[in-house]
Each structure stands twice: as C-alpha cells, then as structure tokens.
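K.L.:
Here is my input, please return the structure:
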Amino acid sequence: MNFATTLKQILQGVKKNTALIESHIASRGNAHAIATFEQNGFMSADDKNQLTMRGRNAITVSDGYDVMSILAGLYIGRNFKNAPSSVDDSVCIVQVTGNSSFKKIEFDWINGHRNFYRFIYNGTDSGWINDGKWVSVTPLNGASGYITVNRLLTGSYFELALRIDINISLSSKAPVQIGTLPVGYTTTDSNADYFSIIGVDSAGSNVPMGLVVTGGNTISIFRIDSSTSAIAKARGYVKITCQDSQSS
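P.N.:
Numbers count the residues shown, from 1 in each chain. A predicted model of the protein is given here:
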C-alpha cells in the first residue's frame, strides 16, 4: 500500500467519523442536550428519577375502580368510580396517603390538566376540592337572594371565594349576620377578616359597605356610609385566604 492510498483511506475515515459526530450532536450543538417537548434528547436526573419511581410504584387498576375504596398507594387507570364530576374517562393518576381514619386523596386528571384533593378525617369527608363547585349559603335575618362559596387548595393553604347578591333592609351600622359558611368551607382563623362590598340604599344610590367573617364561619355585613336611607341591597365578591393570622 503506497502513501497516496493510505492518505486517501485516512481522509475517508475522518470524513465518516465527522458525519457521525455531527449527526449525534444534531441541531442544538450539544451531544447531551436535555429532551424537550419539541425535540428528542437526554433525560435529566430528576426527570428520570420521577419516571422510574412512578413506573415502579403505580398500580394499574381496571375501569370503574372505586377511588373511595383505594388503600394507600399510587394508582393509574381510567373511568374511576366516585371521581370528581368533571373528569372524563381518560387516564388519571390517583395517590392516596393515610389509613381508614384519615385519608388524603390526590386525583390528577392528566387530560384536563387539573388536580383535585379530598380529605377524610374521623368520618368527616371534605368532598372534592378544586372541583369548581359553588355551594349555596342560606341567607339569614330577613335577607333574600343568593350567597355562594367556592374553595381552592393552593399549595399549603385554602382560598375561599364568596359571592353575595342579597336584598335586605338595614338601617343600623351594627353588623348583621347574613349567613354561615358550611363545614369544609370555613376560614379556620379565629381572627376576623374584613372586606369592602357595595350596597344600594332605598333611594337607589350606591353606598360603601363592609363584610366581616368571624369565628371562621359567620358572615356579617355592616354599613359605613352617612346616608339616612336604609340599605336595600348588598353585593360583592371577595376572596379569603384561609391561614392562621396569629403571629408567633
């Protein structure tokens, strides 16, 4: 083999290896790029660990499996019985923590991109939280109209959303109870929460009013205007962060 032939083979080998390297690196200039939704690639250590643990621990259950009967563990399936009402029959992941006297259920509706929670403690069932369901509150002390409440679990605390649109005859500036928050929809805070709402007096004028939640569940309204006309309507939408406001 002469020098020219040897050099030709070397150049062909270099060209071949260069093509392989460039193909491996691809368009992102990194042979070990992390996988994204748009492009293939390698998996990060955290993603690999989560995938491994889910694949190792998730138990596949048959269609129609009752989510309320599941014991502690991680489950995957379709069309769960007693699932949140908005969930369809697509694949869902359910994680249960606790035992028969205390149970926390985390329901992950993958197709709907929504998470629901349910807590059972000594026979008290919270029902599904984050389900978007508004619950009616019965108006008190002569009030009529509607009061509704919703709840959302945001990390380590709850938020309550309260809508009020009532008719009432109110002349005194002393707080008047107009409703009681139902079990599971209370603020869990012994301190009072104050909010601003709008009232309409008997002359048809808009006037400022206050709303206060005391004892975690008592909803009261009071007037803060100087009008001599009685309040005829009270309307408002407030959000209540359900955390203990006591300092430590």
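K.L.:
and the longest strand along the chain, which strands flank it?
P.N.:
Scanning the chain for the longest strand, with DSSP state E as the assignment, gives strand 157-170. Sheet pairing of strand 157-170 (DSSP bridges) gives strand 144-154 (antiparallel), strand 231-242 (antiparallel).
K.L.:
Quick one: mean pLDDT for that strand?
P.N.:
Strand 157-170 carries an average pLDDT of 93.
K.L.:
Report the backbone C-alpha coordinates of it in CSV.
P.N.:
The C-alpha trace of strand 157-170 is given here as CSV (Å, rounded to 0.1, in the frame of the first residue of the first chain):
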residue,chain,number,x,y,z
TYR,A,157,-53.5,26.8,52.3
PHE,A,158,-57.0,27.3,51.1
GLU,A,159,-58.7,30.2,49.4
LEU,A,160,-62.4,30.8,49.7
ALA,A,161,-64.3,32.7,47.0
LEU,A,162,-67.6,34.3,48.3
ARG,A,163,-70.3,35.9,46.1
ILE,A,164,-73.1,37.9,47.6
ASP,A,165,-76.1,39.5,46.0
ILE,A,166,-78.9,39.9,48.5
ASN,A,167,-81.9,42.1,49.3
ILE,A,168,-82.1,43.3,52.9
SER,A,169,-83.4,46.1,55.0
LEU,A,170,-80.6,47.5,57.0
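K.L.:
Please pull up the helix or strand immediately following it.
P.N.:
strand 176-180 (DSSP states H and E).
K.L.:
can I get the strands paired with strand 157-170 in JSON lines with mean neighbour count, mean pLDDT and distance to I105?
P.N.:
Glycine gets a C-beta too; all of them are placed from N, C-alpha and C. Below are those laid out as JSON lines (neighbours: other CB atoms under 10 Å; pLDDT from 0 to 100; distance: least, CB to CB, whole Å):
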{"stretch": "strand 144-154", "mean neighbour count": "16", "mean pLDDT": "91", "distance to I105": "12"}
{"stretch": "strand 231-242", "mean neighbour count": "18", "mean pLDDT": "93", "distance to I105": "20"}
